Each structure stands twice: as structure tokens, then as C-alpha cells.
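Colleague: Okay, predicted coordinates and the sequence, questions at the end:
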Amino acid sequence: FKPKKSVALSGVTAGNTALCTVGKTGNDLHYRGYDILDIAGACEFEEIAYLLVHDKLPTQAELTAYKTKLKGMRGLPANVKAALEWIPAAAHPMDVMRTGVSVLGTVLPEKDDHNLPGARDIADKLMASLGSMLLYWYHYSHNGKRIEVETDDDSIGGHFLHLLHGVEPSKSWVDAMHVSLNLYAEHEFNASTFTGRVIAGTGSDIYSAITGAIGALRGPKHGGANEVAFEIQSRYQTPDEAEADIRRRVENKEVVIGFGHPVYTISDPRNKVIKDVAKKLSKEAGN
């Protein structure tokens, strides 16, 4: 008997999920049974967050109450702000969020019984305040400015854009943020989810699980691949230059980040959605 070699747990069943399925037909993505193509542009991010965290799409009354709850969770404790001020401007934004979550977990720790309502409240707090953490650090480290992170914006996307630019964002920008957040809200049993589940499985707290998951997501073989792909794209001045170099690299059997996917064997369904959004914004800007 010769045991089958497993490459990075490929083909190994690690668990079951009711949250999300990826690439069952080679080019599909579903959240709790809903096709991403049907909900990415039709729903606000808060609706998708509610679906994932609370098991169902909210009614209008539930959505209004949920958005009000999240709006009230955008603030940062003084100790978290102080910790963020120590992080240098050259730090990677993922490291900032990893650190912010860890510090928040010491200031507002999870109860030892790890009860479900408490965990959901922490998930909501993190969704509402991660943008606050990132942009408080950004403005302080780059401009020496301590910004007010609690705004009256109606959504997480609007709140983020408002803090980033210092002015109330346009509806088209907020809509674009909703689509982007919806597309990246969930992706089944990926490396960061696996990391978070391993940590949670030891009986540790939710902050530790999320901190570890952010660390995994940061890697260039996971979420960090987008950053690497963008860096590659930035090298080229013209489409012809890009095509010639990519063809050369493929012929040399080099790994070209941004091409191919281990699960989406046909295509990534998120690509067309976000490309359409980008084209719309580009046209709006006259670019």
C-alpha cells in the first residue's frame, strides 16, 4: 500500500459549509445558495453581511436596524487609536488591520463561553470598525492628523470612502464599493478560512481567529496575489508590451500571477462584474 501524496491538502475534504460554494461548474460562486451574479449589484453590502452572519437576507426593517447597529460600532477605543499611532507609515495595510484586531481583542475581549450572539456582535464590530482602524492609521501616519472616524454615512462602503477622501462620496462610488465588498465577502474553504477555523478549533477567541486569518490572507499565494498581479500590470505602458511579455513568460513556463485558478477552471465569475463597474466609473470620469 502506497499512500496518496497530498499537495497542499488538494482534494482532501476538510469540512462542510452552508455559507458558500465555489467553482462547482467551473465558473460559479454562491452565497447560501444565491448566485453572486444575481446579488453582487442588486444588494448593499450590509444585506450580504447579514446573509452570511445571520443566515438569511434581511427584511427592510431588519436591514434598517442592522445598518443602524453597524453605524454605532464605527468608533475606536482610545487604546486602539494609541496603538495605531505607533505603526509606521511604511507598514502594509494588512498588517495594520491584523494589529488593530489583536489590540481590540484585548480592549473588548470575547467572553470565555464563546457564545454565538457575542461572536456575531464581535463580527459586526469588526466589519464596522476595520475601515476606521485602517484610515485612522493612514491619516495619522501620513499626515499627522487624528481624524474623526464616526460619520453619518449610511453604509460601510460610504463610510470608508468618506474617511479616505474627507468628503461625502458620490452614489456611483458607494455603489461600486458595495459591489466590490459583495464580491469578496466570502470564498468558501480558502486558506484564511482554514486558518481561522484551526484557531477557533483550539477553543481560542474570535479575535485570535480573525487575526490569524488576516495573516494568512496577506500572503502572495492568497489575497496578496491581487497586489502582485497589479504590480505586474504596472510595469507595462501599452497593451502590446503587456501581451509580448506575458507570452514570453508563458513560453518560458514562468508562473504568471493573475492567470488561471485552481477552482475556477473556466473563469472567475467576479471578473466580469467588477470590470463592468470599472468601465462605468471610467466613463463617468471621462477617462
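Modeller: Perfect, I can see it now.
Colleague: Name the nearest residue to the residue minimising distance to the centre of the chain, sequence neighbours excluded.
Modeller: Taking CA atoms, centre = their mean, the centroid of the chain lies closest to Tyr184, which sits 5.3 Å from it. Nearest residue to Tyr184 in three dimensions, chain neighbours excluded: Arg270, at 7.8 Å (CB to CB, 6 or more residues apart in numbering). C-betas here are computed from N, CA, C, even on glycine.
Colleague: Tell me the secondary structure at that neighbour.
Modeller: helix (DSSP: H, G, I helix; E, B strand; the rest coil).
Colleague: Tell me how many other residues crowd it.
Modeller: For Arg270, the count of nearby residues is 19 (other CB atoms under 10 Å).
Colleague: Can you read off the pLDDT for the residue nearest to the centre of the chain?
Modeller: Listed pLDDT for Tyr184 reads 94.
Colleague: just Lys253 next, same as before
Modeller: So, for Lys253, pLDDT stands at 89.
Colleague: Work out for me the element it sits within.
Modeller: Assessed by DSSP states H and E, Lys253 sits outside every helix and strand.
Colleague: Can you give me the neighbour number for it?
Modeller: 7.
Colleague: likewise Met133?
Modeller: Met133, neighbours per other CB under 10 Å, totals 25.
Colleague: wait, doesn't it sit right on Val80?
Modeller: Yes: counting by CB atoms under 8 Å, Val80 is a contact partner of Met133 at 6.9 Å.
Colleague: residues shared between the contacts of those two?
Modeller: Counting by CB atoms under 8 Å, 6 or more residues apart in numbering, the residues touching both Met133 and Val80 are Gly100, Leu104.
Colleague: dump the residue contacts of the residue nearest to Tyr184.
Modeller: Counting by CB under 8 Å, 6+ apart, Arg270 has contacts Leu29, Ile36, Ala40, Leu183, Tyr184.
Colleague: how near is the closest residue to the fourth one other than its chain neighbours to Ala18?
Modeller: Nearest in space to Leu183, with sequence neighbours left out and distances taken as CB to CB, 6+ apart, is Arg270 at 4.5 Å. Arg270 sits 21 Å away from Ala18, going by CB to CB, to the nearest Å.
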